[in-house]
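> Would you be able to build a 3D model of this:
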Amino acid sequence: MKIRTLVTIGILGLNSGCTSINSTSFSDMSSAYREVVERYSNDNILLNVVRSSKNMPLSFLDIPSVIGTGSVLSSAGVTSYQAGVPSSSLPPTSTTANVGLAVNNGFTFTQASLDNAQFMQSFLKEIPLSVLGLKGTERLLPRAVSYTLLIESIELRSDNSLVHRFNNDPLDPNYQEFQNLLYLLIEVGLTAENKKIKTPLGPPIDKRLLTKSLDSWGSSTVDNLAKGVISFEKVNAHNSDAYQLVRKDFRPRVCVNEALAKELLGNLLSSEAYCTDSPKFPKTDFNYPNVIKSFREHYPNAKNMELVIGIRSPGNVFDFLGAVLNAQLMNDGSKMVMIKPSLSVFDSYNERYKNAQPLFKIYKDQSVVNPVATVKYKGVTYSIADDDDSYSKDVMVFMSTLVTIAKIPGAIPSSPAVIVR
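Model prediction:
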């Protein structure tokens, strides 16, 4: 019986040794949860695009914190019982093994609503012009994609009068005119730059008075002089040497390359539309004679025109994608927004950019293998494929960035709307 007891204890020891926490258990749990959060974010973006297509209010949720727990508890014991028998006989012994194993793991996460004033003020505010120059997280994202998402309209003005307004709306009967102009402007280097603006501060100061008045200036003025925020510029005032105090500011603006614009457009644009930095490039391989000819026929007196670009808010970008979805689902799908190839934008070695591809393609009530996002709205299923010939995934990345930029301090409430365990 002693041998049986020892064997039982040995088995219990092996069982106890096997209850140590697996080193990969938490990694597996966190990786699985990361995938869930990624899908959650993608589905949230797609859901709001669908809502926009139905003219319904947008609503965003966020998961600001995740707390994971995991534990493995084990217990083992041996109970021996010897029955009462006469001392002259062998003592019968009963040995009982007790083994206990409890495994527990889980997550607690907070689900916060972004339906608050802080988020909405940022979400509905016009996107800064500087975003036009951002490269984004997609290295090969064509400018035609980001510009199509961000630009709401293009206005051409002459002598402070509107010549024509081109609307970036796929449901507009004249949408092709906007696309033609956009691609033409991309060919002539449409971008955003910071233009230096000098603002005079006060009247010119005589040189003799300037040296005497330095002692009376405050420390903030001296600090701004040292930082280059303000400076003195020599001017000629009343036939004597004087200095003008000026403040230097930078104002973002849209512009085009001067050399390329003159090559393709002649004198259609004013000098104010040209970028300060306008290097000369080899002659473009793309020409738009039909587009330019048509424009000159419609506006024969147009010249030296100003270029005014209207930029959307993040909320307006969702509205635009809702219109893109409606255009795709209309009739035979011929109004689907396509991104055309352009040698000045795409890498010539990348086959992906040699053919026109949909900007944003959604599959309605179709089975999609391994979709990037899938949502069901009012009984209809909408999906985005992972590997179709479209820029849908690139657009999802771009939209995720816009939503993240809108999450200013205070946008995510300190107390979550829902705690899910």
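
> Thr276 contacts Lys195, correct?
Yes: A contact is recorded between Thr276 and Lys195 when judged using Cβ atoms under 8 Å, the distance being 6.6 Å. (Glycine included, C-beta is placed from N, CA and C.)

> And these two? Which one has more around it.
Taking other Cβ atoms under 10 Å, Thr276 and Lys195 do not tie; Lys195 has more neighbours (14 against 11).

> So what sits opposite that one in the bridge?
Beta bridges link Lys195 to Arg251 when assigned by DSSP bridges.

> Repeat that for the one 5 residues further on.
Per DSSP bridges, residues listed as beta-bridge partners of Pro200: Val246.

> For the stretch 251-400 of the chain, just list every one of the helices.
With DSSP state H, counting those that start in this stretch applied, the stretch 251-400 of the chain shows helices at 258-265, 289-298, 314-329, 392-405, listed in chain order.

> now the angle from the second one to helix 258-265?
With axes from the mean of the first three to the mean of the last three Cα atoms, to 10 degrees as the basis, helix 289-298 and helix 258-265 are set at 70 degrees to each other.

> Please name every helix or strand in contact with helix 289-298.
Under the contact criterion of 3 or more Cβ pairs under 8 Å, 6 or more residues apart in numbering; DSSP states H and E, helix 289-298 touches helix 175-187.

> got the angle between the helix it packs on and helix 314-329?
The directions of helix 175-187 and helix 314-329 differ by 120 degrees, with the same axes, to 10 degrees as the criterion.

> buried residues in helix 175-187?
Of the residues in helix 175-187, those with enough neighbours to count as buried (16 or more other Cβ atoms under 10 Å) are Tyr175, Glu177, Phe178, Gln179, Asn180, Leu181, Leu182, Tyr183, Leu184, Leu185, Ile186, Glu187.

> Tell me which residues touch the first one, please.
Taking Cβ atoms under 8 Å, 6 or more residues apart in numbering as the definition of contact, the neighbours of Tyr175 are Asn167, Asn168, Asp169.

> which of those residues are buried?
Applying 16+ other Cβ under 10 Å to those flags Asn167, Asn168, Asp169 as buried.

> From these, which land in strands?
Here DSSP state E is the test, and these give Asn167 as lying in strands.

> Met336 and Ala327 touch, don't they?
Yes: Met336 lies in contact with Ala327 (Cβ under 8 Å); the separation is 6.3 Å.

> Just want to know which of the two has more residues nearby.
For Met336 versus Ala327, neighbours defined as other Cβ under 10 Å are more numerous around Ala327 (21 against 18).

> Just confirm that one contacts Pro173, I think it does.
No: using Cβ under 8 Å, Ala327 is not in contact with Pro173, being 11.8 Å away.

> and the angle from the longest helix along the chain to helix 392-405?
Selection of the longest helix in the chain by residue count, based on DSSP state H, yields helix 25-53. For helix 25-53 against helix 392-405, the angle between stretch directions is 90 degrees (the same axes, to 10 degrees).

> buried set for helix 25-53?
Buried residues in helix 25-53, counting neighbours by 16+ other Cβ under 10 Å, are found at 29, 41-53.

> Let's have these in a markdown table, adding distance to Val256 and pLDDT.
Conversion of these to a markdown table gives the following (distance: Cβ to Cβ, whole Å; pLDDT from 0 to 100):
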| residue | distance to Val256 | pLDDT |
| --- | --- | --- |
| Met29 | 53 | 69 |
| Ser41 | 36 | 88 |
| Asn42 | 35 | 91 |
| Asp43 | 39 | 93 |
| Asn44 | 37 | 93 |
| Ile45 | 32 | 95 |
| Leu46 | 35 | 96 |
| Leu47 | 38 | 95 |
| Asn48 | 33 | 95 |
| Val49 | 31 | 96 |
| Val50 | 36 | 97 |
| Arg51 | 36 | 96 |
| Ser52 | 31 | 96 |
| Ser53 | 33 | 95 |
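
> which two of the residues you listed lie the greatest distance from each other?
The most widely separated members of the buried residues of helix 25-53, counting by Cβ to Cβ, are Met29 and Ser53 (36.7 Å).

> What helices and strands are in contact with the longest helix of the chain?
Other helices and strands packing on helix 25-53, by 3+ Cβ pairs under 8 Å, 6+ apart, are strand 61-82, strand 93-113, helix 314-329, strand 373-377, strand 380-384, helix 392-405.
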